[in-house]
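Novice: Here's a sequence, model it:
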Amino acid sequence: MAAMNPLVRADALASLPNLVLLDARPDPAAYAAGHLHGAQHADLARHLSAVDDPRRGGRHPLPSIERWTQQLGAWGITPESNVVIYDDADASNAAARTWWMLRAAGHERAFVLDGGMRDLPLTSSSSAPAPAPPYPVTSWQLTTVDMPTVDRLRNDASWRVLDVRSRPRYRGETEPIDPIAGHIPGAINLPFAENMQNGRFKSPEELRAQYQSLFGDVPPERVIVHCGSGVTACHTLLALEAAGLRGAALYVGSWSEWCRNEEMPRATEV
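Specialist: Residues are numbered from 1 along each chain as shown. Presented below is the predicted three-dimensional model:
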């Protein structure tokens, strides 16, 4: 079966059967103040991560698959659901992360609202859909890699380790979140913001050309994507999917894990 376009426009929502809307903005107060009609809140801290020790998993490690499948059931999501996720940050915080976690649970019918919630009518009324059983999957279905794997592959010319943070953060000129500035030596940089144009994702053709130029002859299956804590990296994984370049891995711990481990090398040179 051909891969579905993971992006959907607002005017297509009415045509989707079994629709489940998720609002992935991190701030519960913002959701309570106004969200799309029927949307439930996917909270980055409560639903999309399970922080224990940032040195072992970073600031936003994945929850257990058991906890995630239970949450999908609580939202009423079944294999027949069309799930559309949005935020107010061009899908970077945290619609793309929610999308990736749905896909990683084997749910193909997961989409991100291209353009987000801008200019759409909002409501403050809450929604309580009928819960479903836990989603029927027992393991993550997409590739993730750990810190030792990134360390082993970061200087391998047949692989690409891609850092999607802003260029000043990559160069170590600033670090607003994590305790140490810099990047993983050997990693290349293309900020996730370059997936966008005028508030929407670039066309599949533009994205494909952008990433094929960056990766050269390295296939997407040999690409590892990371960011600060495994959230905005999913924005680039979404863009790669839209471009038809499936198979890249997510380093969930990302720089937030790497920089907290003193034995790991760090770089600021480009």
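Novice: so Thr236 sits right up against Asp163, yeah?
Specialist: No - at 9.8 Å, Thr236 does not count as touching Asp163 under the criterion of CB atoms under 8 Å. The C-beta positions use only the backbone N, C-alpha and C, and glycine is treated the same way.
Novice: so how far is Asp156 from Pro191?
Specialist: Pro191 is 23 Å from Asp156, where distance means CB to CB, to the nearest Å.
Novice: Between those two, point out the one with more neighbours.
Specialist: Pro191 (19 against 12; other CB atoms under 10 Å).
Novice: Can you list the residue ranges for helices in the stretch 151-270 of the chain?
Specialist: 167-170, 204-215, 233-242, 254-258 (DSSP state H, counting those that start in this stretch).
Novice: residues making contact with the shortest one?
Specialist: Yep, that's helix 167-170 we're talking about. Among residues not part of helix 167-170, those counted as contacts by CB atoms under 8 Å, 6 or more residues apart in numbering are 163, 174-176, 181, 183, 187, 189, 191, 228, 270.
Novice: Quick check: of those, which has the highest neighbour count?
Specialist: Neighbour-wise, those (other CB under 10 Å) top out at Asp163, 26 neighbours.
Novice: Now do the contacts for the residue lying closest to that one once chain neighbours are set aside.
Specialist: Excluding the flanking residues, the one nearest Asp163 by CB to CB, 6 or more residues apart in numbering is Ala187, at 4.5 Å. Shown in contact with Ala187 (CB under 8 Å, 6+ apart): 154, 161-163, 170, 226.
Novice: Can you report phi and psi for Ala187?
Specialist: Phi and psi for Ala187, reported as degrees, to the nearest 10, are phi -80, psi 140.
Novice: got it, and Gly73?
Specialist: phi -60, psi -40.
Novice: List the contacts of it.
Specialist: Per CB under 8 Å, 6+ apart, neighbours of Gly73: 131-135.
Novice: Also Ala243?
Specialist: 204-205, 207-208, 210-211.
Novice: same check, this time on Asn261
Specialist: Contacts of Asn261 (CB under 8 Å, 6+ apart): 55, 147.
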